[in-house]
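Visitor: here is the input, now give the coordinates:
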Amino acid sequence: MADQLPALPPHVTVLSGGVGGARFLQGVLRLRERTGSDTTVTVIANTGDDLWLHGLKVCPDLDTVMYTLGDGIDPARGWGRTDETWHAKEELAAYGVEPTWFGLGDRDLATHLVRTQMLDAGYPLSAVTQALCRRWLEPVHGSAVRLLPMSDDRVETHVVIDDPSSGERKAVHFQEYWVRHQAEVPAYAVVPVGVDTATPAPGVLEAIADADVVLLPPSNPVVSVGTILAVPGLRDALVTTPAPVVGVSGIVGADHVRGMARQLLEVIGVEVSAAGVAEHYGSRSAGGVLDGWLVDTVDGPLVGRVEGAGIRSRAVPLMMTDHDATADMVVAALELAGV
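Guide: Next up, the predicted model:
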């Protein structure tokens, strides 16, 4: 029997990064289950973290969402396949093949092989993603979930750092900054290479225009949601959609809950606080992208500041401790959206 909760509206669109976005989506789907809602959830995923490795196209955020919602994710890590082994990685290292700091698990490797073969055959990334989701999402959710890359075009986020070994200032792929250096080296700029000439993937603009509500999960505001918004046409679509747009802060207190948002917000000169990120996104009434913004209860004193920027706000628990707690966050977002 459905809970006494507001049903999800028919069409929900979520702009997602990797781990944080995927876990938020589990809450959206739990609420769909709890309320018996007949809702279609469209996920527009960041592809700026993508890289080519050992001749293979790797899409970390797309795969994290796909594996998570398809019950194939490693729950301890939050990324990669469950019951993973690493024999191929070990063999590549034994041959001295670089890079050794980014590991492709044996099960995960199959996904990248299939993706690369389809891309080489001329299929766009959006069509490849749809094909991969036939294995992962359709058996679990039927047609209730659509996963779209933000663009079929190649976009790769780079970070300007001081190289620890040489002291040389240079741009490295985001994955090298994050995985190899653990975001512990000084960073000076974030550069999404190729984003200026990218176009939204098929269905992306329609998913925003036709949504009943658009949700921005607690994904990284610089290299996840920020990169999606940098694709020409995406920000304008959020500004003009008739649907309310509500975001969830990934900053609690004065730090991120997970990842490297604090470091990258500092790089782009944004205050590391729930209010600072809300002001960075901006109010739709002033040309930004937000109608509403959830902050954690510890940041309750910032609600007035967020609302002073023209964004409706509310303080609720934002720790995604389990699917039901996350579903409660989604309820609060929907209430703030007025749907």
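Visitor: for the rest of this, base every contact and every neighbour count on C-alpha atoms.
Guide: OK.
Visitor: can you name the residues bridging to residue 252?
Guide: Taking DSSP bridges as the rule, residue 252 bridges to residue 255.
Visitor: just use 15 as the starting number from now, easier for me
Guide: In the new numbering, first residue 15, that becomes residue 266.
Visitor: that one: what's it in contact with?
Guide: Contact analysis of residue 266 by Cα atoms under 8 Å, 6 or more residues apart in numbering lists 287, 288, 309, 310, 312, 313.
Visitor: for the third one, which residues make a bridge with it?
Guide: Taking DSSP bridges, one obtains residue 329 as the residues bridged to residue 309.
Visitor: how about the helices in the stretch 115-264 of the chain?
Guide: Taking DSSP state H, counting those that start in this stretch, the helices of the stretch 115-264 of the chain run over residues 120-134, 139-150, 152-155, 188-189, 218-223, 239-244, 248-254.
Visitor: buried residues in the first one?
Guide: Within helix 120-134, the residues that qualify as buried by neighbour count (16 or more other Cα atoms under 10 Å) are 120, 121, 122, 123, 125, 126, 128, 129, 130, 132, 133.
Visitor: wait, doesn't the last one sit right on residue 139?
Guide: Yes: assessed by Cα atoms under 8 Å, residue 133 is found in contact with residue 139 at 6.8 Å.
Visitor: quick check: neighbours shared by those two?
Guide: Contacts common to residue 133 and residue 139, judged by Cα under 8 Å, 6+ apart, are absent.
Visitor: can you get me a residue count around the closest residue to residue 116 other than its chain neighbours?
Guide: Among residues not flanking residue 116 along the chain, residue 193 sits closest, at 6.8 Å (Cα to Cα, 6 or more residues apart in numbering). Look at residue 193: counted by other Cα atoms under 10 Å, it has 12 neighbours.
Visitor: ok, now how distant is residue 193 from residue 63?
Guide: Distance of residue 193 to residue 63, given as Cα to Cα, to the nearest Å: 11 Å.
Visitor: residues shared between the contacts of those two?
Guide: Counting by Cα under 8 Å, 6+ apart, residue 193 and residue 63 have no common neighbour.
Visitor: how about JSON lines for the helices of the stretch 115-264 of the chain, with distance to residue 76 and mean pLDDT added?
Guide: JSON lines is the format used below for the helices of the stretch 115-264 of the chain (distance: least, Cα to Cα, whole Å; pLDDT from 0 to 100):
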{"stretch": "helix 120-134", "distance to residue 76": "11", "mean pLDDT": "98"}
{"stretch": "helix 139-150", "distance to residue 76": "8", "mean pLDDT": "98"}
{"stretch": "helix 152-155", "distance to residue 76": "15", "mean pLDDT": "97"}
{"stretch": "helix 188-189", "distance to residue 76": "15", "mean pLDDT": "97"}
{"stretch": "helix 218-223", "distance to residue 76": "14", "mean pLDDT": "98"}
{"stretch": "helix 239-244", "distance to residue 76": "13", "mean pLDDT": "98"}
{"stretch": "helix 248-254", "distance to residue 76": "18", "mean pLDDT": "97"}
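Visitor: closest to residue 113 out of these?
Guide: helix 188-189 (11.1 Å; Cα to Cα).
Visitor: got a list of contacts for stretch 101-121?
Guide: For stretch 101-121, contacts defined as Cα under 8 Å, 6+ apart pick out 94, 95, 98, 99, 100, 193, 194.
Visitor: okay, the last one and residue 229: tell me how far apart.
Guide: Remark: distance between residue 194 and residue 229 (Cα to Cα) = 31 Å.
Visitor: gap between residue 268 and residue 28?
Guide: 25 Å.
Visitor: give me the more crowded residue out of those two.
Guide: Remark: of residue 268 and residue 28, residue 28 carries more neighbours, 26 against 13, as counted by other Cα under 10 Å.
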